[in-house]
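**Student:** Fold the stuff below for me.
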Amino acid sequence: MLKGLLAAATASLALAANAQTSSTSISAATTTQAPSSEVVVQETSSSVGSILKNKKFEDDKDITDAKLKADSGSRSRYSLKFSLSYYGPPIGDITNEKQPNPDGSIGNNDTALGGSISARYRIDPKSAISLGTGINSLTPFHGSKRTDVKTPFVSYDRNARLGEVQLRNSYGVSVTTVKEYLDVGQYGTLSYDNSLVYNIGASGFAVGLDSSLSYFLYNRGYENKDRTAGRYYVGFYPQVKYNFTDKFNMYTSLAMGFTNPRARDDEWAMLNRTLSGRLGAGMAFTRDIYFSTYLNYYPKELRTESTTISFSTVFSIL
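**Tutor:** Here you go, the predicted structure:
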């Protein structure tokens, strides 16, 4: 309908302009009226086009790391972002449906294909807001037990650069929907994630540090049946990476985690999670598609029965 109105208006203006050329009795006021109306139509058409167009921002030149680029999402004003990870079985027993759980942590320890899907609104080249939910399929390659859509979330992320250090910060809030966590009274999580990358000159080597903080929200006090439920979790993940090209790298990292147990009254008491490590490789197929595969192991127990193979990917569309 809008196109019809614009076409009719344009045709009317064309007829008016033709009539003006052939007539000698048009007043000066009428002569100035036609060009003014034409400008209004052009401006209206331009406004409609700008509303319908999905604006693309310039690439953030401060971020050159392939993974950070993919994590930052599409350059479009509106886009969809997906992350997907597979947590596989021990390489010494690939028929096992369970992953190692040396800390006896709450949750399901089945092998799983999980991740998230989110709709993103880019505010500027460096920041965006996301609204999404998690997805999880248990034992996907052993006869899938079930697939869940879970834990809806809202997040805000922003890229930055401090000297030669590339940074990405993400702040989020999520609603708990997983049964194992609901059973201990948890109903939500406040989270903060940070990534730092520093390239060592032109050597190809880079060092990085990922960190995370999760504060869990509960609707009741602690009960003995809640076992290892925590108030909050802090994680640090230092890594060393070698970039063979701008798109391909190999890396090694460690995962150091600390949790404050609700079973203790001291809100500053910290329990160490078992130290784990990764050895992997990453590939950026495009700016918006990054894939990584890795071995996850426990340095104190280097056995094939406790070493798993996994992969993760992040990509955006639109």
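**Student:** give the contact list for the closest residue to Y222 other than its chain neighbours.
**Tutor:** In this structure, Y222 finds its nearest non-sequential neighbour in R262, 4.2 Å apart by C-beta to C-beta, 6 or more residues apart in numbering. (Glycine included, C-beta is placed from N, CA and C.) Residues in contact with R262 (C-beta atoms under 8 Å, 6 or more residues apart in numbering) are 218, 222, 226, 229-231.
**Student:** again, only using 7 Å
**Tutor:** 222, 226, 229-231 (C-beta atoms under 7 Å, 6 or more residues apart in numbering).
**Student:** where does the protein have low pLDDT?
**Tutor:** The chain contains residues with pLDDT under 70 at 1-52.
**Student:** how near is G282 to K67?
**Tutor:** According to C-beta to C-beta, to the nearest Å, G282 stands 6 Å off from K67.
**Student:** Mind listing the shared neighbours of the two?
**Tutor:** Y290.
**Student:** Checking my notes, A255 in a strand, right?
**Tutor:** Yes. Under DSSP: H, G, I helix; E, B strand; the rest coil, A255 sits within a strand.
**Student:** who touches it in this structure?
**Tutor:** 235, 237, 276.
**Student:** ditto for G104
**Tutor:** Contacts of G104 (C-beta under 7 Å, 6+ apart): T228.
**Student:** for A263, same thing?
**Tutor:** Counted by C-beta under 7 Å, 6+ apart, A263 has contacts Y222.
**Student:** Please apply the same query to G188.
**Tutor:** 173-176, 217.
**Student:** Please identify, among the contacts of A255, the one with the most neighbours.
**Tutor:** S276 (22 neighbours; other C-beta atoms under 10 Å).
**Student:** What backbone torsions are found at it?
**Tutor:** The phi/psi pair for S276 (degrees, to the nearest 10) reads phi -130, psi 160.
**Student:** Distance of the residue lying closest to it once chain neighbours are set aside relative to T274?
**Tutor:** Once flanking residues are discounted, S276 sits nearest to A255: 4.6 Å by C-beta to C-beta, 6+ apart. Distance of A255 to T274, computed by C-beta to C-beta: 9 Å.
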